[in-house]
Structures are given as structure tokens and as C-alpha cells.
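1. just coords:
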């Protein structure tokens, strides 16, 4: 993608990383503490499980490895 005059200040992206926290919380886990159901959550959000991470700093360090 060519640089444009909007926002171009000489910085470029030289790499990127990602991190996926190991702890998984499912809708079944949420059902134990909330008055909800797997179907209710999936119908409204499409989510069946989510990864729960630590702090932004912890995820940043992990994604840089």
C-alpha cells in the first residue's frame, strides 16, 4: 500500500505478533454463575467460547516472542 500524506510521518510496520491466552471460558462456564444459557449467548453474539488473558503487558510480551 503506498504512503499517503494523511498520517504519513515516516514510520513503517516492520513486523507484528499475536498472543492467544491459554485460559478458555465457555458458555457452559458462564451458565454456572449467570442466569443465561448457551443458546441465548450464541443467538445474540455467535460466541461459544472466549480466551481470557492477563494484562496488556503480559500479552504484549507473549506476542513479541
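-> Received, thanks. Small disclaimer: the values here were computed from a predicted structure and weren't measured. Numbers count the residues shown, from 1 in each chain.
2. all strands of the protein, in order?
-> 23-26, 49-52 (DSSP state E).
3. who does the last one pair up with?
-> Which is strand 49-52. Paired with strand 49-52 in the same sheet, following DSSP bridges, are strand 23-26 (antiparallel).
4. buried set for the partner strand?
-> By neighbour count with 16 or more other Cβ atoms under 10 Å, strand 23-26 contains no buried residues. Where you see a C-beta, it was placed from the backbone N, CA and C, and this is true even at glycine.
5. what does it contact?
-> 48, 49, 50, 51, 52, 53 (Cβ atoms under 8 Å, 6 or more residues apart in numbering).
6. show me which residues of the helix or strand bottoming out on mean pLDDT in the chain are buried.
-> Of all helical and strand segments in the chain, the minimum by mean pLDDT, DSSP states H and E falls on helix 56-63, at a mean of 90. By 16+ other Cβ under 10 Å, the buried positions in helix 56-63 come out as 59, 62.
7. centre of the chain versus that helix, how much separation?
-> 12 Å (Cα atoms, centre = their mean, to the nearest Å).
8. other residues contacting that helix?
-> By Cβ under 8 Å, 6+ apart, helix 56-63 touches 17, 18, 19, 21, 53.
9. quick one: which of these has the most company?
-> Using other Cβ atoms under 10 Å as the neighbour criterion, residue 19 leads these with 16 neighbours.
10. sounds good, over and out.
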